[in-house]
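**Q** Here is the input, now give the coordinates:
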Amino acid sequence: MTRSRLLPADAEHWRQLIAGEVDDAWQRVRSGGWPAIQGTFAATVSWVIARHLVQHHQPFFAPIAAVVALNATRGERGTNALRMLAGVILGIVVAEAAVTVMGSGYVTLAVATLVSMLLALVLGSARMIIAQAAASAILTVATNAPGVGPARLIDALIGGGVALVVSQLLFPAAPLKLLHRDESAALAGMARSMHLAAEAIERNDDAPADRAVEQLRTVRDRLTELGKTRQLTLHTARRTPRWWLRREPIVQEEENAGQLDLLGSSCLALTRAIIAAGEAQLQSLKGAISELGDVLQALATAPTNRDVRQHAADEALRIARSTSQISPDAPEPERAVAWSMRQVAHDTIMFAGIDPEQ
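**A** Okay, the predicted model is just below:
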């Protein structure tokens, strides 16, 4: 029998795949490690309060409530805590009323669960409220022990209160940091697509251009996340005491981040124009396209740096001017690509926060 061997290309593919998975795992640990520590801290404090101040013999729900409340995206944790409290209160009230009227039993549990979930839907469609309302109703009816409902409510207030202190006072979300994180991810994807488009022209090969389009589809997902972050940023600036007096730069950056939607669309239009033109006709533009990728990559690396933004705007303006020198007699596809490049440059300048007229 012959032993199968991996070809060098196959080995490199698996190496890159494994390295990518390891890097993704490490990035998840880096981004989620600090929130996990905060959740552990909140759970411990909640247990100490419930056990030694309120003197619950089994205060298991207080630390659970704290962790559940904080298990949300940075910027949503305060809202998540309030939703949890609303669901718990609703479920306990409905269950206590059902037990008083109908007694304990399967029918009571079913009625209390259904009514609490329907009322939660009336209050809103948040899954946290619905789940906590149903869980509280089930636990109250199923245990049917005196004081279980009020004890669970007290634990929820303790855990939710500690979660609010942690998320809003001790460790509030940093709106600008959240924005810059998502901006960097979107810009890095756009930069990669520009480099792939330049590679397609250099190699006269459609494959890199097709990968550039796929990359930009991923960028659309990143921009969707950025849109959610922009909303959270404004909510955080309004609701968190630490940011009340520092809202102006947050609002300004939120407006700049909105330009990334236009920039992503411009990059996609440019890539499609390159594919339609045919790579062989665009050799004179490949350097400028690659330079656009470099500009976007620099912005992705340091989106908060004013000097980087100014340099990116200057470089984008230079690239736009270089493409305007294309002869009016040039083929239509080449002129279409040049126009798309100028649009990418314009949107880059707008994201950098520089007035194009200046």
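**Q** Where does pLDDT dip in the stretch 51-200 of the chain?
**A** Scanning the stretch 51-200 of the chain for pLDDT under 70 picks out 57, 146-147.
**Q** tell me, what residue is most central in this structure?
**A** residue 225 (4.2 Å; Cα atoms, centre = their mean).
**Q** Not counting sequence-adjacent ones, nearest residue to that one?
**A** Nearest residue to residue 225 in three dimensions, chain neighbours excluded: residue 182, at 5.6 Å (Cβ to Cβ, 6 or more residues apart in numbering). Backbone N, C-alpha and C define where each C-beta goes, glycine included.
**Q** Who are the packing partners of the helix or strand containing residue 190?
**A** For residue 190, the host element (DSSP states H and E) is helix 175-203. Contacts defined by 3 or more Cβ pairs under 8 Å, 6 or more residues apart in numbering; DSSP states H and E place helix 175-203 against helix 206-239, helix 247-277, helix 286-301.
**Q** Point out the most buried one among the ones you listed.
**A** helix 286-301 (a mean of 21; mean count of other Cβ atoms under 10 Å).
**Q** so what does it touch, helix or strand wise?
**A** helix 175-203, helix 306-323, helix 332-351.
**Q** can you rerun that using 6 Å?
**A** helix 175-203, helix 306-323 (3 or more Cβ pairs under 6 Å, 6 or more residues apart in numbering; DSSP states H and E).
**Q** most packed of the ones you listed?
**A** Ranked by mean neighbour count under mean count of other Cβ under 10 Å, those are led by helix 175-203, which reaches a mean of 22.
**Q** and the angle from that helix to helix 286-301?
**A** Relative orientation of helix 175-203 versus helix 286-301 (axes from the mean of the first three to the mean of the last three Cα atoms, to 10 degrees): 160 degrees.
**Q** Where does pLDDT dip in the stretch 201-350 of the chain?
**A** Counting by pLDDT under 70, the stretch 201-350 of the chain has low-confidence residues at 242, 244-245, 278-281, 327.
**Q** Quick check: the gap between the residue nearest to the centre of the chain and residue 78.
**A** As for residue 225, its distance to residue 78 is 20 Å (criterion: Cβ to Cβ, to the nearest Å).
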